[in-house]
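Asks: Model the following, please.
(one chain, ligands or ions: 1)
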Amino acid sequence: MTTATTASTATAPNVPADATGPSHLTGPADLADLDEGIRDNPAAHRVLTGDRPTGPLHLGHYFGSLRNRVHLQRLGVEMFLVIPDYQVITDRDVADRLAEHTENLVVDYLATGIDADRATIFTHSSVPALNQLLLPFLSLVSVAELHRNPTVKDEIAHSSQAAVNGLMLTYPVHQAADILFCKADLVPVGKDQLPHLEVARTVARRFHERYPHLDGTPVFPRPRALLSSAPLLLGTDGGKMSKSRGNSVPLAADEDTTARLLKGAKTDADRRITYDPVGRPEVANLLLLAGLCQDRAPEELAEEIGDGGAAALKRTVTEAVNEHLRPIRARRAELAADRGHIRQVLRTGSEHANAIADATLTEVRAVMGSL
Ligand code: TRP
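Replies: Model (predicted):
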């Protein structure tokens, strides 16, 4: 039996599985609850998350996840950002404008405050050993389990493809490889990703049951989802804000486009502006957005606008958004003009990710008894 070798770059945070915060907590955690624990020992954690390269990031991403990542990084936690390019072809035949979308994601990350010197940003197709983990991992889940995944079911229901392809059914296991290759213990995601996190946890547990390490330490920690406490923003049509529904304000939009998009936002006929998320979800959503931008309570903004009606509300929101995003957009424009730098960030990230993935695969092959 070969002993697993671990390159120095690959040393995962030295924490036992599940030791990511209070030991009774094994399910998803709220970032606010974990803050203290992370602050005490940021080096004990490794964060991995990512975004499909399918289009520009918007305000929902920004307030829902990008700001949290920056916060985590500033606490000193090591950050991995995967751009899962193979996931794009789960529900469409061809990944449209893949290089452009990939580069733009990097631009958005850096413009919103991710420090490229400390974060590892990479596409998962550029890390062969990560992808190879998919093979043993697939043997650990049943076909019935793959079929039961609610997020996959939902995506199949919304897919315009005539037939469901094999990658659609197996991508949550691929996502487990994204997370486990670097032994990440914290995964900031939205609620829709919880079933996938469960797959990653199951794979980690079953891998250990099937291939126990001689010294008893599992190869993989059981990662936990980190849910954002930021409220969910709706799109300008009152539905779920989404890259593909044309109802979002992209971070990269200019000020006039932002004004136009927000001017078209759905409201209601009541002139008096009040904050009532249940009774008046669209108006409440705009107040929330302005509140997030100005770090103020939406109720207070509603009071200020009073009888000004939807027009005044939209003016307030537009100003708040444009003002908040101004420095981010300026930085974005600078970064976008230097594609060479963006490519270099990806190359460096990929090199680091490859070193870690190679070391993990060596460990996996060793416990499996591969020669
Ligand atoms: N499935 C995620 C999404 O659609 C993207 C993703 C891929 C991801 N791999 C990941 C998220 C690993 C967190 C961790 O948004």
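
Asks: next one: the helix or strand harbouring Ala225 to chain centre, how far?
Replies: Element membership of Ala225, judged by DSSP states H and E, is strand 224-227. Offset of strand 224-227 from its chain centre (CA atoms, centre = their mean, to the nearest Å): 11 Å.

Asks: again, but for stretch 256-267
Replies: 26 Å.

Asks: try stretch 331-346
Replies: The answer for stretch 331-346 is 21 Å, by CA atoms, centre = their mean.

Asks: same check, this time on stretch 220-228
Replies: 12 Å.

Asks: start to end distance for that stretch?
Replies: With CA to CA, to the nearest Å applied, stretch 220-228 spans 24 Å between its terminal residues.

Asks: Tell me the helix or strand right after the host helix or strand of Asp35.
Replies: Assigning secondary structure by DSSP H and E places Asp35 in helix 31-40. Beyond helix 31-40 on the C-terminal side, the first helix or strand identified by DSSP H and E is strand 46-50.

Asks: so that following strand versus helix 31-40, what angle?
Replies: 140 degrees (axes from the mean of the first three to the mean of the last three CA atoms, to 10 degrees).

Asks: wait, isn't Pro324 in contact with Cys293?
Replies: Careful, residue 324 is His; it's not Pro. Yes - under the criterion of CB atoms under 8 Å, His324 makes contact with Cys293 at 3.8 Å. From N, CA and C alone the C-beta is placed, and that goes for glycine too.

Asks: how close does Leu98 sit to the ligand?
Replies: Going from Leu98 to the ligand by CB to the nearest ligand atom, to the nearest Å gives 15 Å.

Asks: can you list contacts of stretch 344-351?
Replies: For stretch 344-351, the external contacting residues (CB atoms under 8 Å, 6 or more residues apart in numbering) are 81, 102-103, 106, 110, 116, 119-123, 126-127.

Asks: So which of those residues sit within helices?
Replies: 102-103, 106, 110 (DSSP state H).

Asks: now, which of those sits nearest Val77?
Replies: Lowest distance from Val77 to the ones in helices among the contacts of stretch 344-351 (CB to CB) belongs to Leu110, with 17.7 Å.

Asks: Give me the pLDDT value at that closest one.
Replies: According to the prediction, Leu110 has pLDDT 98.

Asks: ok, it to Glu323 distance?
Replies: 21 Å (CB to CB, to the nearest Å).

Asks: Name the residue in the two with the higher neighbour count.
Replies: Leu110 (21 against 12; other CB atoms under 10 Å).

Asks: tell me the secondary structure for the residue of the chain positioned farthest from its centre?
Replies: Within the chain, Asp307 marks the point farthest from the mean C-alpha position, 39.0 Å out by CA atoms, centre = their mean. Classification of Asp307 by DSSP: H, G, I helix; E, B strand; the rest coil places it in helix.

Asks: tell me the contacts of it?
Replies: Neighbours of Asp307 in contact, by CB under 8 Å, 6+ apart: 271-273.

Asks: rerun at 7 Å
Replies: By CB atoms under 7 Å, 6 or more residues apart in numbering, the contact set of Asp307 is 271-272.

Asks: now Gly306
Replies: Gly306 neighbours (CB under 7 Å, 6+ apart): 272-273.

Asks: any idea how far it lies from the ligand?
Replies: Counting by CB to the nearest ligand atom - Gly306 and the ligand are separated by 39 Å.

Asks: and what of Thr362?
Replies: 22 Å.

Asks: Relative to Thr49, which of the ones in helices among the contacts of stretch 344-351 is nearest.
Replies: The closest of the ones in helices among the contacts of stretch 344-351, once distances to Thr49 are taken by CB to CB, is Val106, at 14.3 Å.

Asks: Report the contact partners of the closest residue in space to Arg118 that isn't next to it in sequence.
Replies: Closest residue to Arg118 in three dimensions, ignoring its sequence neighbours and counting by CB to CB, 6 or more residues apart in numbering: Gln73, at 6.4 Å. Gln73 makes contact with 79, 114-115, 118-119, according to CB under 7 Å, 6+ apart.

Asks: So which bits of the stretch 51-200 of the chain are right by the ligand?
Replies: Contact residues (CB under 6 Å from any ligand atom) of the stretch 51-200 of the chain with the ligand: 51-52, 82, 84, 87, 175, 178-179, 187, 189, 193.

Asks: Please repeat the previous calculation with a cut-off of 8 Å.
Replies: By CB under 8 Å from any ligand atom, the residues of the stretch 51-200 of the chain that approach the ligand are 51-52, 82, 84, 87, 124, 171-172, 174-175, 178-179, 184, 187-190, 192-193, 196.

Asks: Helices - which of those land there?
Replies: 87, 171-172, 174-175, 178-179, 196.

Asks: Can you lay out the ones in helices among the contacts of stretch 344-351 as a markdown table showing distance to Ser142?
Replies: Below are these laid out as a markdown table (distance: CB to CB, whole Å):
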| residue | distance to Ser142 |
| --- | --- |
| Thr102 | 33 |
| Glu103 | 38 |
| Val106 | 37 |
| Leu110 | 41 |
